[in-house]
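Engineer: Okay, sequence plus prediction incoming.
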Amino acid sequence: MRFDVITLFPELFAPFLVSGITRRAYATGLVDVRLWNPRDYAEGNYRRVDDRPFGGGPGMVMMAPPLERCLAAIQADRAQATTPVPVVLFAPIGVPLNHAAVAQWSGSAGAILLCGRYEGIDQRFIDRYVTAQISLGDFVLSGGEIAALALLDAVARLQPGVLNDEGSHQLDSFNPALDGLLDCPHYTRPEEWQGEVVPAPLLSGHHAQIERWRRDQSLRTTAQHRPELIATARAAGRLSPADEALLRNLPGKL
């Protein structure tokens with residue numbers, strides 16, 4: 001898959017693409033990331049890409065013409081692609097990014113990711129060219145780059161061969177393999193640290209007992225921190241009688 005990123009700060013992506021375990025996805029081309037700076041498509045000696053907003057007010061607005069020329073260059077470069085891809089803007093009004101959306105993106109042909117800056121982008125460009133909008137949550141960032149990096153990272157780690165253990169992401173929080181629940185706590189050596197010991201079931205070597213402990217802890221953690229996920233799993237029929245029995249015995253049972 002290929003992601004073309006429109007950004008005024010391509011240098012923010014350089015260390016990300018060569019660091020950490022997900023670098024395998026970018027180095028092998030499983031996730032092809034190409035960076036495009038709209039300033040390269042701006043006119044004049046100063047390569048201006050922003051201007052004051054009509055109607056007054058603080059800040060500056062990214063101009064439509066340089067973005068349009070940049071987008072045209074990307075589309076020309078992708079001309080041989082058989083599958084058209086969406087133009088995605090990271091914005092507060094976008095659809096929240098979650099595991100289900102990431103899973104869909106991980107099996108797609110990619111996208112053109114538009115990273116806004118300043119007070120935003122000329123709405124006329126958005127209306128004409130943007131086909132999808134994504135939000136990381138109810139807060140505002142200085143630009144769309146961090147959101148783009150989050151999407152790229154989440155997609156990259158789902159690609160075959162990227163993680164050391166192929167089944168690792170199957171046990172992530174929100175994954176269908178966990179019925180959409182939160183992951184359980186994890187422990188490693190030493191067995192005792194600061195007077196705290198690793199839970200006995202994890203040292204038992206009894207696989208069924210370990211799996212039951214992990215499931216119980218996943219249910220407890222989810223019930224405490226994200227009870228709405230319990231409700232969703234219950235409505236989908238994903239909770240077993242043993243799951244329900246544990247939940248009934250929790251303080252403030254669900």
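Structural biologist: Yes, it's here. It should be emphasised that the depicted structure is a prediction, and the values quoted were computed from it without experimental measurement. Numbering: from 1, shown residues only.
Engineer: Break the chain down into its structural domains.
Structural biologist: Per the record, the chain has its domains at 2-156, 172-248, by automatic domain parsing.
Engineer: distance between the ends of the first one?
Structural biologist: Across domain 2-156, the straight-line distance between its terminal residues is 11 Å, by C-alpha to C-alpha, to the nearest Å.
Engineer: Show me what the mean pLDDT comes to for it.
Structural biologist: Domain 2-156 shows a mean pLDDT of 96.
Engineer: Over to stretch 161-179?
Structural biologist: So the average pLDDT for stretch 161-179 ends up being 70.
Engineer: Give me the distance between the two termini of that stretch.
Structural biologist: Span of stretch 161-179 from end to end, C-alpha to C-alpha: 24 Å.
Engineer: tell me the centre residue of this protein?
Structural biologist: What sits nearest the mean C-alpha location of the chain, by C-alpha atoms, centre = their mean, is residue 151, with 3.4 Å.
Engineer: At which residues are the helices of the stretch 151-254 of the chain located?
Structural biologist: Under the criterion DSSP state H, counting those that start in this stretch, helices of the stretch 151-254 of the chain are mapped to 200-203, 207-225, 227-235, 241-248.
Engineer: give the contact list for the residue nearest to the centre of the chain.
Structural biologist: 97, 102, 105, 113, 134 (C-beta atoms under 8 Å, 6 or more residues apart in numbering). Placement of C-beta: from N, CA and C, glycine included.
Engineer: Out of the residues you listed, which two sit at the greatest distance?
Structural biologist: 102 and 113 (13.8 Å; C-beta to C-beta).
Engineer: out of the two, which sits in the busier spot?
Structural biologist: The neighbour count for residue 102 versus residue 113, taken as other C-beta atoms under 10 Å, is higher for residue 113 (27 against 17).
Engineer: what's the following helix or strand after the helix or strand hosting that one?
Structural biologist: In this structure, residue 113 sits in strand 110-114 according to DSSP states H and E. Counting by DSSP H and E, the next helix or strand C-terminal to strand 110-114 is helix 123-129.
Engineer: Walk me through which strands the following helix or strand past that following helix pairs with, and which way each runs.
Structural biologist: Remark: after helix 123-129, the chain's next helix or strand is strand 132-135, criterion DSSP H and E. Sheet partners assigned to strand 132-135 using DSSP bridges are listed as strand 87-96 (parallel).
Engineer: Tell me which residues of the partner strand come out buried.
Structural biologist: By neighbour count with 16 or more other C-beta atoms under 10 Å, strand 87-96 contains the buried residues 87-91, 94.
Engineer: and what of stretch 148-161?
Structural biologist: Judged by neighbour count (16+ other C-beta under 10 Å), stretch 148-161 contains these buried residues: 148-149, 151-159.
Engineer: and stretch 189-197, how far apart are its ends?
Structural biologist: 10 Å.
Engineer: Now do the buried residues in that stretch.
Structural biologist: The neighbour-count check on stretch 189-197 (16+ other C-beta under 10 Å) flags nothing as buried.
Engineer: tell me the mean pLDDT over that stretch?
Structural biologist: 97.
Engineer: what sits up against it?
Structural biologist: Residues outside stretch 189-197 that contact it (C-beta under 8 Å, 6+ apart): 198, 203.
Engineer: please redo it, this time with the cut-off set to 7 Å
Structural biologist: Contact with stretch 189-197 is made by residue 198, as judged by C-beta atoms under 7 Å, 6 or more residues apart in numbering.
Engineer: Now find how far off-centre that stretch is within its chain.
Structural biologist: How far stretch 189-197 lies from its chain's middle: 34 Å, per C-alpha atoms, centre = their mean, to the nearest Å.
Engineer: re the thing from before, switch the helices of the stretch 151-254 of the chain over to TSV; also include mean pLDDT.
Structural biologist: Listed next are the helices of the stretch 151-254 of the chain as TSV, based on pLDDT from 0 to 100:
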stretch	mean pLDDT
helix 200-203	97
helix 207-225	97
helix 227-235	96
helix 241-248	97
